[in-house]
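Student: Here's my sequence, what's the structure:
(one chain, ligands or ions: 2)
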Amino acid sequence: MITKSCMITIAGRPNVGKSTLTNALVGEKVAIVSNKPQTTRNRICGVVNREDTQYIFVDTPGFHKARTRLDDFMENVVRESVCDVDAVLLLVEPIANVGAQEEALIQSIKASGEPVILVINKIDTVEPEKLLPVIDAYSRFCNFDAVIPISAKTGDGVETLLNEVARYAQEGPQLFPEDMTSDQPERQIAAELIREKLLWCLDKEVPHGTAVEITRFTERDNGIVDVEATIYCEKASHKGIIIGKQGAMLKKISTMARQDFEKFMGTKVYMETWVKVKENWRDNLFQLRNFGYQ
Ligand SMILES: Nc1nc2c(ncn2[C@@H]2O[C@H](COP(=O)(O)OP(=O)(O)OP(=O)(O)O)[C@@H](O)[C@H]2O)c(=O)[nH]1
Ligand SMILES: [Mg+2]
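Tutor: Ligands and ions are numbered 1, 2, ... in the order given. This is a model prediction of the structure:
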C-alpha cells in the first residue's frame, strides 16, 4: 500500500538527458526525446510506484537563455518546478565546466531551499577518471546532498538514484492511481509524439517553430482511435519543408508518430495531419495560450 510520496524535479541545461532519465525511471516512454536542445516545453510528471512510496519525477524544459515568449514560458516552468518539491536533481553532462545559464539555474534552485542532488549523466561517454573534475566544478557553486553518476541511456546508476531519493519521501496521500505512469492526457501524448518526429526529421529553426494541435480525438466502438492534428509552423517556407516533395516528409512524420502512438494506446490508430502557418506564434501570448503554453 502506498503511504508515502516523493516529488522530485529534474532540472538542467537543454539536451542533458532529463527526459531520457524520466523515461528510464518510469520504465516507459512518457516524455519525448531528441538530439536537439529545447525538446521539452512543459513540465511532465512521470510516476513510479515502489513498495510503500509513490515517486513523482517532474521533467522540465532545458534551462536556456530566453529569446521568445515561449522561452520565457519555459523558463518560468523550470523556476516554478524547482519549488515546493521534496528534492531537485541537477542533471549535468560529464563536462567540468559550469556555464552562465547553468549557474543561474543553480541559484534558482538554491533560492528554493530544496535539497539538491548532482546527477552526472552520460557516463557511458567518458572514462571514470573524468568525473572527479566535474564534481569539483559543480561543487564550487552548490552544496549537494549527494553526487550520483548515471547513464540514462544504458540504465547504469538509475536504480541507485531511485534508492537515493527514497530518503526524501514523506508520509502523505497517493497522488496518482497505481496504473498511471504520467499526468499527460492521451491527446497530449499524440501531439508530443508528432512534435518529436518533427524534431527527428527536420533541422535548424523549422522544428523549433512548430506546435501541434489535436483537433479531433475519438474512439470507435471497436477501439480504433481517430486522430486529426494540425502542425503549426512559423513561415510559408517552413510549411513547404514540413510537407516535402509530394507530401513525402509529412507522410514520413505522420507514419512514425502514428506507429508510436499505436504502441502507446495498444490499438489501431488513424492519424491525419495538416500543416498551417501562424507567423511568429512563439511571441504571441494568445497563441501560446492556445497551444497550452500558459
Ligand atoms: N550517450 C548518452 N546519450 C544520452 C544519455 N541520456 C540522454 N542521451 C541523449 O541526449 C540527447 C538529449 O536527450 P533528452 O532526454 O531529450 O534531453 P533533455 O535534457 O530532456 O533535453 P531538453 O528537453 O531539450 O531540455 C538525446 O539524443 C539522448 O539520446 C546517456 O546517458 N548517454
Ligand atoms: Mg526533455
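Student: Can you give me the domain boundaries for the chain?
Tutor: 4-171, 186-290 (automatic domain parsing).
Student: CSV for the ones you listed, including mean pLDDT and distance to ligand 2?
Tutor: To be clear about C-beta, it is placed using only N, CA and C from the backbone, and glycine gets the same treatment. Listed next are the domains of the chain as CSV, based on pLDDT from 0 to 100; distance: least, C-beta to the ion, whole Å:
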stretch, mean pLDDT, distance to ligand 2
domain 4-171, 97, 3
domain 186-290, 97, 10
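Student: wait, which of these is closest to ligand 1?
Tutor: With respect to ligand 1, and counting by C-beta to the nearest ligand atom, the nearest of the domains of the chain is domain 4-171 at 2.6 Å.
Student: Helix or strand: which one has Arg195?
Tutor: Secondary structure from DSSP states H and E places Arg195 in helix 186-201.
Student: Highest mean neighbour count out of the domains of the chain?
Tutor: Per residue and on average, the most neighbours among those fall to domain 4-171, with a mean of 19 (mean count of other C-beta atoms under 10 Å).
Student: now the domains of the chain as JSON lines including distance to Met180?
Tutor: Formatted as JSON lines, the domains of the chain follow (distance: least, C-beta to C-beta, whole Å):
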{"stretch": "domain 4-171", "distance to Met180": "6"}
{"stretch": "domain 186-290", "distance to Met180": "12"}
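Student: will you turn these into CSV that also has distance to ligand 1?
Tutor: Below are the domains of the chain laid out as CSV (distance: least, C-beta to the nearest ligand atom, whole Å):
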stretch, distance to ligand 1
domain 4-171, 3
domain 186-290, 9
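Student: and the helix holding Arg195, what does it pack onto?
Tutor: Helix 186-201 is packed against helix 205-208, strand 211-219, strand 225-233, helix 248-265, with contacts defined by 3 or more C-beta pairs under 8 Å, 6 or more residues apart in numbering; DSSP states H and E.
Student: Helix, strand, or coil at Ile8?
Tutor: strand (DSSP: H, G, I helix; E, B strand; the rest coil).
Student: Helices of the stretch 51-200 of the chain, residue ranges please.
Tutor: With DSSP state H, counting those that start in this stretch as the criterion, the stretch 51-200 of the chain has helices at 69-81, 100-112, 131-139, 158-165, 186-201.
Student: Columns distance to Ala11 on top of these, output as a markdown table?
Tutor: Listed next are the helices of the stretch 51-200 of the chain as a markdown table, based on distance: least, C-beta to C-beta, whole Å:
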| stretch | distance to Ala11 |
| --- | --- |
| helix 69-81 | 6 |
| helix 100-112 | 6 |
| helix 131-139 | 13 |
| helix 158-165 | 14 |
| helix 186-201 | 19 |
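Student: Which among those is found nearest to Asp283?
Tutor: With C-beta to C-beta as the measure, helix 69-81 is the member of those nearest Asp283 (4.9 Å).
Student: Show me the contact partners of the closest one.
Tutor: The contact list for helix 69-81 (C-beta atoms under 8 Å, 6 or more residues apart in numbering) reads 9, 11, 38, 41-43, 58, 60-66, 105, 108, 282-285, 288, 293-294.
Student: likewise stretch 100-118?
Tutor: By C-beta under 8 Å, 6+ apart, the residues outside stretch 100-118 that reach it are 9, 11-13, 63-65, 78-79, 82-90, 92, 98, 135, 138-139, 141-148, 161, 164-165, 168.
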